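Asks: Here is a sequence with its predicted model. Questions after.
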Number of protein chains: 2
Amino acid sequence: MTLLALAVCGRGAVPPDEPVLHADDEGLLRGRAAFETMRVYAGRPFRLDDHLARLAASAERIGLASPDASGLREAAAAALAEAGAGDAVLRLLWTAGRAGGAPVGLALVSSIDVDWDALRERGVRAVSLLGVAGEAPWLLGGVKSTSYAVNMAAEVEAKRRGGDDAIFVDANGVVLEGPVTNVWWRRGDTLYTPSLELGILAGITRATVAEAAAELGHDVVEGAFALAELAAADEAFTSSSVREILPVVELDGAPVGDGRPGRTAHELQAALRRAAAA
Amino acid sequence: MTLLALAVCGRGAVPPDEPVLHADDEGLLRGRAAFETMRVYAGRPFRLDDHLARLAASAERIGLASPDASGLREAAAAALAEAGAGDAVLRLLWTAGRAGGAPVGLALVSSIDVDWDALRERGVRAVSLLGVAGEAPWLLGGVKSTSYAVNMAAEVEAKRRGGDDAIFVDANGVVLEGPVTNVWWRRGDTLYTPSLELGILAGITRATVAEAAAELGHDVVEGAFALAELAAADEAFTSSSVREILPVVELDGAPVGDGRPGRTAHELQAALRRAAAA
């Protein structure tokens, strides 16, 4: 992702090449920063309010002062105005700031450098990996902090094993989530997705998909499901704001369903795009 | 910790108030940065070479380019020269840098703002918390990355429960490590500490303590031990570069040994200081 435009809360737009963070910002030194990433469609961020609400929840969980929502909204608008009206990624960052200092809010608009549509056509080869179930609150399950090295390492491990992405399971083999996605599968007309009670991230796109699926006549069942249920599904897919709906065509080397992108993934991708255009 | 002096690899000393990091540094955005923290005694960092070696190992585990050891050494010297000859904390940071850009190396010298000697006198009240065993490589056990939010959240949780610090145990109740320390206990003349095979951090001070303990005539046994063994010890303590040796006088509300700082912790603290002055 290439940074197209940048704005700092209280300062407005600044050149992307200008260093804006201090070396002792605790967001960097200790991962004490919350963030949100969302798709921008033709210059408009999708579900900004929902993302701001989740940012506030993440900040609380890691002991940060409450984010300045109006300041972040202004920063987002300033960065989006700089970047122009294209499709892009908007990232909001709320860091602890320097020791004893004030938090810092940033809005970054970046280009989408990966051709997710091509992967949507082909389908994702997923690899299951042991993940961290977030039931103990201090393990920060469901919190979008910048302590993201494990998520990144899991993506690297999935690629090392010949896959495209990882799906985390807990020590009992219960499906959790992907490093940056929520996970779904369909059997007949019923969609299944792991319950938020497992300590996974409450995806904004997950919520959008659940609404759209209900409108399309699917039952949506949330719970704690074994990986074998996902493996035996008619089709599977992931949801995320930036990647949108990506069909999962392979799990740990075996085809999911008929090994091709499924019709429900296709339907829901179209529904997501309609919601974004509304 | 207050930042006293700062140097950037390739630039030398820069004013601590100067922002030096870009908003899209992946060290911040995704926790893709490795770091080392070490005590500075009278202007001299303790075991800098060992810390540089561990930094290289951490960087490799999170997929960063190999740290520029000589550049970091020069940056450390420049920052230490700026800060003067006192006791302090030196932090080395090696971040991924901007997407597609080069890594950034920083040396930060900060003041020690906590009176660790007072806590050494009184002893630490520890709280056991479920932690993440790092046996799966992508879970990054033993890696010092800036993805530190869980460690920070565990310290907050320990304080919320009336303690001073946390001790992580795995799901089977095996003692792992503290959020920023290694853990030790003594029964008779034998010292026990969790094995590195558990995926815990290979503390530089842990290694120093093991050497000093052997010289003082203690047997040192590493392994996988239940929390009950720590609870039943004659004394317990933690080791870390910045906090040095801190006696643990209480575990989950019950006294450890006679509930006072132990003699071996005291001996080893003195030995550590002698090693630092040598």
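Replies: Looks like it arrived, so ask away.

Asks: Does chain B have contacts with stretch A:131-143?
Replies: Yes: judged by Cβ under 8 Å from any Cβ of the partner chain, stretch A:131-143 and chain B are in contact via A:132, A:136-140, A:143. Any C-beta I mention is one placed from the backbone N, CA and C, and that applies to glycine too.

Asks: Confidence-wise, which of these comes last?
Replies: Sorting those by pLDDT puts A:V132 at the bottom of the list (75).

Asks: Nearest spatial neighbour of that residue, chain-adjacent residues omitted?
Replies: Among residues not flanking A:V132 along the chain, B:V132 sits closest, at 5.5 Å (Cβ to Cβ, 6 or more residues apart in numbering or on different chains).

Asks: Could you dump the residues of stretch A:131-143 next to chain B into TSV and include secondary structure and neighbour count?
Replies: Conversion of the residues of stretch A:131-143 next to chain B to TSV gives the following (DSSP: H, G, I helix; E, B strand; the rest coil; neighbours: other Cβ atoms under 10 Å in any protein chain shown):
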residue	secondary structure	neighbour count
A:V132	coil	21
A:A136	coil	18
A:P137	helix	16
A:W138	helix	25
A:L139	helix	21
A:L140	coil	22
A:V143	coil	22
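
Asks: Provide the contact partners of the strand or helix carrying A:L191 at residue level.
Replies: Here A:L191 is covered by strand A:190-194, with elements defined by DSSP states H and E. For strand A:190-194, the external contacting residues (Cβ atoms under 8 Å, 6 or more residues apart in numbering or on different chains) are A:174-177, A:182-186, A:200, A:206, A:210, A:213, A:218-225, A:229-230, A:233, A:264.

Asks: pretty sure A:G31 contacts B:L140?
Replies: No: here A:G31 does not reach B:L140: they are 12.0 Å apart, not a contact under Cβ atoms under 8 Å.

Asks: and A:A13, that's in a helix?
Replies: No: looking at A:A13 with DSSP: H, G, I helix; E, B strand; the rest coil, it is strand, so not inside a helix.

Asks: List the beta-bridge partners for it.
Replies: In this structure, A:A13 has the following beta-bridge partners (DSSP bridges): A:A7.

Asks: tally of neighbours for it?
Replies: The tally of other residues near A:A13 (other Cβ atoms under 10 Å in any protein chain shown) stands at 19.

Asks: what does the one 4 residues further on give?
Replies: Counted with other Cβ under 10 Å, the neighbours of A:D17 add up to 11.

Asks: how close does it sit to chain B?
Replies: Noted for A:D17: a distance of 7 Å to chain B, by Cβ to the nearest Cβ, to the nearest Å.

Asks: in a strand, that's where that residue is, yeah?
Replies: No: going by three-state DSSP, the assignment for A:D17 is coil, not a strand.

Asks: wait, what's in contact with the nearest residue to it once chain neighbours are set aside?
Replies: Using Cβ to Cβ, 6+ apart and skipping the chain neighbours, the partner closest in space to A:D17 is B:H22 (7.3 Å). Contact analysis of B:H22 by Cβ under 8 Å, 6+ apart lists A:3, A:16-21, B:97-98.

Asks: Which of the residues you listed has the largest number of neighbours?
Replies: Within these, A:L21 tops the neighbour count with 24 neighbours, counted by other Cβ under 10 Å.

Asks: what's the distance between it and chain B?
Replies: Taken as Cβ to the nearest Cβ, the span from A:L21 to chain B is 4 Å.

Asks: Next, the contact list for that residue, please.
Replies: With contact set as Cβ under 8 Å, 6+ apart, A:L21 has these partners: A:27-28, A:95, A:104, B:19-23, B:25, B:28.

Asks: Which of these fall in strands?
Replies: A:95, A:104 (DSSP state E).

Asks: just the contacts of A:L21 now: which is nearest A:C9?
Replies: Proximity of those to A:C9, judged by Cβ to Cβ, is greatest for A:V104, which lies at 7.1 Å.

Asks: Get me the contact residues on the stretch 101-250 of chain A for chain B.
Replies: Contact residues (Cβ under 8 Å from any Cβ) of the stretch 101-250 of chain A with chain B: A:106, A:108, A:110, A:129-130, A:132, A:136-140, A:143, A:145-154, A:156-157, A:166, A:171.

Asks: Would you write a PyMOL line that selects the buried entries of the contacts of strand A:190-194?
Replies: To isolate the buried ones among the contacts of strand A:190-194 in PyMOL, judged by 16 or more other Cβ atoms under 10 Å in any protein chain shown, type:
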select buried, chain A and resi 174+175+176+177+182+183+184+185+186+200+206+210+213+218+220+225+230+233+264
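
Asks: Identify those among the contacts of strand A:190-194 that sit within helices.
Replies: Within these, membership in helices is found for A:206, A:210, A:213, A:229-230, A:264, as judged by DSSP state H.

Asks: sorry, back to before: between the contacts of B:H22, which is closest to B:D252?
Replies: Set against B:D252, the nearest of the contacts of B:H22 by Cβ to Cβ is A:L21 (38.7 Å).

Asks: and A:D117, helix, strand or coil?
Replies: Here A:D117 is recorded as helix under three-state DSSP.

Asks: likewise the one 3 residues further on?
Replies: Of the three states, A:R120 takes helix under three-state DSSP.

Asks: What count of nearby residues applies to A:V104?
Replies: The local packing of A:V104 (other Cβ under 10 Å) involves 22 other residues.

Asks: Can you verify my assumption that it contacts A:D25?
Replies: Yes: using Cβ under 8 Å, A:V104 is in contact with A:D25, at 6.7 Å.

Asks: between those two, what contacts are shared?
Replies: Shared contacts of A:V104 and A:D25, defined by Cβ under 8 Å, 6+ apart, are found at A:95, A:97.

Asks: measure the residue nearest to A:D17 to A:A65 for me?
Replies: Between B:H22 and A:A65 the distance is 23 Å, computed by Cβ to Cβ, to the nearest Å.

Asks: just A:E267 next, same as before
Replies: When distances are taken as Cβ to Cβ, A:E267 and A:A65 turn out to be 42 Å apart.

Asks: and if you look at A:R243?
Replies: Counting by Cβ to Cβ, the separation of A:R243 from A:A65 is 31 Å.

Asks: Likewise for A:R161?
Replies: 41 Å.

Asks: Equivalent analysis for A:V169, please.
Replies: Using Cβ to Cβ, one obtains 35 Å as the distance from A:V169 to A:A65.

Asks: neighbour count winner among A:R243 and A:A65?
Replies: Legend: neighbour count by other Cβ under 10 Å for A:R243 and A:A65, higher for A:R243 (20 against 12).

Asks: residue contacts, the more buried one?
Replies: The contact partners of A:R243, by Cβ under 8 Å, 6+ apart, come to A:116, A:119, A:180-181.

Asks: same deal with A:V124?
Replies: Contacts of A:V124 (Cβ under 8 Å, 6+ apart): A:163-165, A:238, A:246-250.

Asks: ok, and the most crowded of these?
Replies: Neighbour max across the contacts of A:V124 (other Cβ under 10 Å) = A:V248, 29 neighbours.

Asks: I figured that residue was touching A:A236, is that so?
Replies: Yes: counting by Cβ under 8 Å, A:V248 sits close enough to A:A236 to count as a contact (4.0 Å).
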